[in-house]
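> Give me a model of this one.
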Amino acid sequence: MTDTRMQHPEPIRLEALYGERLVPCYAQRPRNLDDMLVGVAARLGDGPAAQDGPRTLSYAELDLQASRVASGLAAQGIAQGDRVALFVGNRLEFMVLLFGIWRLGAIAVPIGIRQSAAELGYMLNQCGAAALAYDAALESRLPPVADIPGVKLLVKLDAADEAASPRNALGYDALLAVGSDERITPQIDDQAPACIMYTSGTTGNPKGAVLSHLGFFHTAKHYEHRFGYGTNERMLLVIPASHISGLLAAILVTVQVGGCVVSMPQFNAADVLAEIEARRITAAIMVPAMYNLLLLQPDAARRDLSSWRIGHFGGAAMPEITIQRLAETWPGLQLYNGFGATETTSAVTLTEPGGAARLPDTVGTCVPCVDIRVLDAEGHEVGTGESGELWIRSPGNAIGYWNNPDATRASFVSGYWRSGDIGSIDAQGNLRVFDRIKNMINRGGYKVYCVELENIIQRHPGVIEVAAVASPCPVLGERIHVFIHALQPVDTEALRALCRGALADYKTPDFVTLSETPLPRNLNGKLVKASLRERARQHATTQAKRT
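Have a look, this model is predicted:
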């Protein structure tokens, strides 16, 4: 599926990328992301680029501090092409460091702040990071110096006493002090790597997707056109900046249009509502469960959120009941869904205005420059409306996986990225994503898409979040185990009746586990099903012993 229905807002041409791919690209674009910032800073100057609590950073200040970071890193021996890791939360300094790294021509490696020392150490060593910037509050989670021998520079934020640091880290303020106001011009084009972002896979070690300057620009441009973003945008950053959605759909697109990024360190429903009201937020990206939690706040309907016009979400369809409640509570809020991945530099499809409410089971249509094909297990393209694996061609596709040629060859084929997702495309070009191939449940030979079942259960009163996983069965192969987090008692038989009334009988849950606490999520806010599968396996084992 290519975007053939809507008129392209800017000229597009085919280009040869990375020596082997022929991909549609915008003909007019900056040379790299540093050039993008320079242009915006020259145009807007004192306009606000970022806010973090009481602090505000203008575009002129962001531009100046990016120069100081770049020259400060250079003074410490960091060079173009080196990898600089960011173990930093949502704050002004994340943006300054990010653009400073790009101004130097180095490669940023954003890492989620909930990673363990072992996970952090693996990523630093795998990408060969030469430098690591980190929040002082996270120092105890850093691996021992001896375990990360390639890291020759540590930059510590909020360093009250730099001399007392047991790791001989350079304070962030000291880094800026040794830097220069003179702008460095990176000698790189837009096909150069901008970031290495590690995937949140559930098995094995994560892979480092290498994302280019060109990929970031294109996806940000797609968001700009589809959502109508402009200079007066005030974007709430409450999902992690280290995740592709936070980095691209919140930070990069906002800087590209000259808006202001308003950072919050973490999600708290009451605080988010207060921030949207006080800061006159115009746009935000959150996962569907966050929208549910906002609606549950007792003063939600009384808040003046009239400035909030764009509510973006992704990763799953929004339950219809949530869409209805949002429309009733904040009628001026336009919801948009999208589909993408780290390997595609975020969204490759986005819903059009009104699409999230009109077609709640879809994740939109292709944005310009993107082509999606649906192939069966034998590699044959299927017909309209039929399901299969989604193969994606996009200028946002990763260059490959860092230092992992086998994974690159397996996943990037003939210019397409094999997503591992099962979906279908209808005659109007709407994409429906049913599940990950590995998440699909085979119950006695019948396929059960977990997402389909989860969307039905989400309609049950009181259900906040739900996850369906496979439970091993010696007779059927797999049965269905559903885990539910709810704020009020749930009648499991009524829930099963709801499923039987909406779906085929074989899709009715065999086991239901209710949880008073939220279901496990990773640092990106996505449900972690690996631990739930293990709980389902243990439950099945216990059941088998009883019989």
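> Show me which residues of the lowest-mean-pLDDT helix or strand in the chain are buried.
The weakest-scoring helix or strand in the chain, judged by mean pLDDT, DSSP states H and E, is strand 446-448 (a mean of 77). Of the residues in strand 446-448, those with enough neighbours to count as buried (16 or more other C-beta atoms under 10 Å) are residue 448. Heads up, the C-betas are built off the backbone N, CA and C, glycines and all.
> Which neighbouring elements make contact with it?
Contact partners of strand 446-448 among helices and strands, from 3 or more C-beta pairs under 8 Å, 6 or more residues apart in numbering; DSSP states H and E: strand 441-443.
> Where does pLDDT dip in the stretch 1-150 of the chain?
Along the stretch 1-150 of the chain, the parts satisfying pLDDT under 70 run over 1-8.
> quick one: the helices in it?
For the stretch 1-150 of the chain, the helices defined by DSSP state H, counting those that start in this stretch cover 33-44, 59-75, 92-104, 117-127.
> The stretch 301-450 of the chain now?
Taking DSSP H, counting those that start in this stretch, the helices of the stretch 301-450 of the chain run over residues 320-329, 355-358, 405-411, 450-457.
> Which stretch among these is buried most, on average?
Ranked by mean neighbour count, these are led by helix 450-457 with a mean of 21 (mean count of other C-beta atoms under 10 Å).
> Run through who's touching that helix.
Helix 450-457 has contacts (C-beta atoms under 8 Å, 6 or more residues apart in numbering) with 316-317, 319, 361, 433-435, 439-441, 463, 466-469, 480, 482, 484, 495, 498-499, 502-503, 507, 509.
> and the angle for it with helix 320-329?
Counting by axes from the mean of the first three to the mean of the last three C-alpha atoms, to 10 degrees, helix 450-457 lies at 50 degrees to helix 320-329.
> now the end-to-end length of stretch 222-236.
In stretch 222-236, first residue to last residue: 19 Å (C-alpha to C-alpha, to the nearest Å).
> how far is it from where the chain is centred?
A distance of 17 Å separates the centroid of the chain from that of stretch 222-236, by C-alpha atoms, centre = their mean, to the nearest Å.
> ditto for stretch 229-240
With C-alpha atoms, centre = their mean as the basis, stretch 229-240 stands 15 Å off its chain's centre.
> Determine how far the last residue of it lies from the first.
21 Å.
> any idea of the mean pLDDT for it?
Regarding stretch 229-240, the rounded mean pLDDT is 96.
> quick one, whatever helix or strand residue 469 lives in and helix 450-457 angle?
Per DSSP states H and E: residue 469 is located in strand 463-473. Put simply, strand 463-473 runs at 130 degrees to helix 450-457, going by the same axes, to 10 degrees.
> packing partners for strand 463-473?
Partner elements for strand 463-473 (3+ C-beta pairs under 8 Å, 6+ apart): helix 288-295, strand 441-443, helix 450-457, strand 477-486, helix 529-546.
> got these as a markdown table, with mean pLDDT and distance to residue 276 columns?
Below are the helices and strands packed on strand 463-473 laid out as a markdown table (pLDDT from 0 to 100; distance: least, C-beta to C-beta, whole Å):
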| stretch | mean pLDDT | distance to residue 276 |
| --- | --- | --- |
| helix 288-295 | 88 | 9 |
| strand 441-443 | 83 | 38 |
| helix 450-457 | 85 | 26 |
| strand 477-486 | 91 | 24 |
| helix 529-546 | 85 | 31 |
